[in-house]
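Enquirer: Give me a 3D structure for the following:
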Amino acid sequence: METVDQFKEVQAKTVEILQRLLSFVLEGKKFGVALDDGLIDKISKGIAEVTSEKLKVALVGGFSEGKTSIVVAWAGNYDSNTMKIDVSESSDEVQVYHLKDFDLVDTPGLFGFKETSNQLKYKEITRKYISEANLLLYVMNPNNPIKDSHKDELNWLFKDLNLLSRTVFVISRFDEEADIEDDEEYKQRFEIKKENIRLRLRDFEIITDKQSVPIVAVSANPFGEGFDYWLSKLDEYNQISHINDLQVATARKIKESGDKNALVLATRQSIVKDVIQRQMPIAQKNIALAVEEINMFKNAMDDIRKEQDRSERNISNARIELKEYITGLFTDLILQVKGTDLKTIDEFFEKNIGDEGIILETSIQNEFERQLGKISYEISKAEKNFNVSVKHYNNMVGDLAIEGMKVGKNFMKNAQISGKSVLAARDFLMPTFKFKPWGAIKLADKLSKGFVVCGSLLGVGLEMWDSYS
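Expert: Here you go, the predicted model:
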């Protein structure tokens, strides 16, 4: 049925809106918007309730107005075992019909052709059920749809309970008022009755001069033939009963009321009021401070990158200087050894090489340390600045409750400067020698094999540079 389909469409839209509101609230928490914790539970509960909700339709009107017949025809699901039809006096008990896709609530008449001492009781019973209804069918007598005696009840329904936005006005048993088989007469009489209803509602100040309400005129059981009779003549029934007009009106009403969902409106208002009036200024201030911290952090990172670039250039220069130093050192040693003889070779070794090469190794080691010292200091300084900047930034955005903007572990893992940088630079500049070349030149051998010394020194120098490179 179109009305049910429309309700499900509105239901899905409502759930979508509530889910977006929930996402908005949860996202807001990341940026310091401290909304009431109960609001999240309220929205989550609302999503569950709306998802499982069935369409609820309430019938309201006087006794003997054919409400039950109308609901049977409107639903198109007549079952004589469960849906009781009494054309005389309706029951004073609420009748609830749980159908597959919707619930129908047939309330006791509020006013009828005879007064009853239980009218207050009927009113309270009706209030309980119609307040939960998504759609209200207000059923009226065709002869005199709205009487002066109805004013209190109409004001109660449409002013006190504020149900006008959910209501479709239904003139029942219209076959008693017009020849429903004559389309022209039906339209003429219907326009007269419709205008009469509007005037009465305006007189009661329920609607304004420019306001309109949905009104239909139906004959749920034309000529009193009964549903068994009309079930065999559905085409004729659909034409003269005008039940389809009621179905169209109810579907339109459900669609119109979709954006007026009380839960959605209340939730929106609560969020907007709290966020805009109280939380937004705080959040804006936090975001502004966070942006400032981001810019400061960015500037700090730029400075560190510049320091890193400078360190890389210094490392490159240090390698060149070390290469030149080693080349010059061994070139000088080779020249010196060429000028020695058996008498002076021992002095040369003691002065320039030392036992097990200790003097030569110390000279090279000192040059490595000299070159490494400055670079090691630069890298350590950059590392310290980096860690201080990250810690300061995270502390600031943490204080601002903007957890989503912190520098995370993955960023730190991928950071180009870490505690290992200094060690890596040290290994790069001053590798660990896996050989002790000094043993190749023994003092005793030098005394007797002076001619080998020059070649040995050259071999040691080349092997040392290969290891370094």
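Enquirer: Tell me the helices and strands packed up against the strand or helix carrying Phe368.
Expert: Using DSSP states H and E, Phe368 sits in helix 358-399. Under the contact definition 3 or more Cβ pairs under 8 Å, 6 or more residues apart in numbering; DSSP states H and E, helix 358-399 sits against helix 280-338, helix 420-429. Placement of C-beta: from N, CA and C, glycine included.
Enquirer: ok, and the closest non-adjacent residue to Ile130?
Expert: Leaving out its chain neighbours, the residue that sits closest to Ile130 by Cβ to Cβ, 6 or more residues apart in numbering is Ala58, at 4.3 Å.
Enquirer: And for the one you found, the neighbour number?
Expert: Ala58: 27 surrounding residues under other Cβ atoms under 10 Å.
Enquirer: For it, what are phi and psi?
Expert: Phi and psi for Ala58, reported as degrees, to the nearest 10, are phi -110, psi 140.
Enquirer: That one contacts Val139, correct?
Expert: No: contact criterion Cβ atoms under 8 Å: Ala58 and Val139 do not qualify, at 10.6 Å.
Enquirer: weakest of the helices and strands packed on helix 358-399 in terms of mean pLDDT?
Expert: Least confidently modelled of the helices and strands packed on helix 358-399 is helix 420-429, at a mean of 49 by mean pLDDT.
Enquirer: I'd like the distance between the residue nearest to Ile130 and Asn155.
Expert: With distances taken as Cβ to Cβ, to the nearest Å, Ala58 is found 18 Å from Asn155.
Enquirer: about what we covered before: state the distance from the residue nearest to Ile130 to Val4.
Expert: On the measure of Cβ to Cβ, Ala58 and Val4 end up 16 Å apart.
Enquirer: what does Asn366 give?
Expert: 92 Å.
Enquirer: repeat for Tyr97
Expert: Applying Cβ to Cβ, the value for Tyr97 to Val4 is 14 Å.
Enquirer: ditto for Gln371
Expert: In terms of Cβ to Cβ, Gln371 sits 85 Å off from Val4.
Enquirer: Repeat that for Thr362.
Expert: 96 Å.
Enquirer: Show me which of these two is the more surrounded one.
Expert: More crowded of Thr362 and Val4, by other Cβ under 10 Å: Val4, with 20 against 11.
Enquirer: How about the contacts made by the more buried one?
Expert: By Cβ atoms under 8 Å, 6 or more residues apart in numbering, Val4 lies in contact with Leu55, Asp101, Phe102.
Enquirer: Got the phi and psi for the nearest residue to the first one once chain neighbours are set aside?
Expert: The reference is to Leu55. Using Cβ to Cβ, 6+ apart and skipping residues adjacent in sequence, the residue nearest Leu55 is Phe102, 3.7 Å away. Phi and psi for Phe102, reported as degrees, to the nearest 10, are phi -160, psi 160.
Enquirer: go on, Leu161?
Expert: phi -90, psi -10.
Enquirer: Same question for Leu137.
Expert: Per degrees, to the nearest 10, the backbone of Leu137 is at phi -100, psi 110.
Enquirer: how about it, what does it touch?
Expert: 57-61, 67, 70-71, 74, 167-168, 170, 246, 250.
Enquirer: So which of these sit within strands?
Expert: Mapping the contacts of Leu137 onto strands (DSSP state E) picks out Val57, Ala58, Leu59, Val60, Gly61, Thr167, Val168, Val170.
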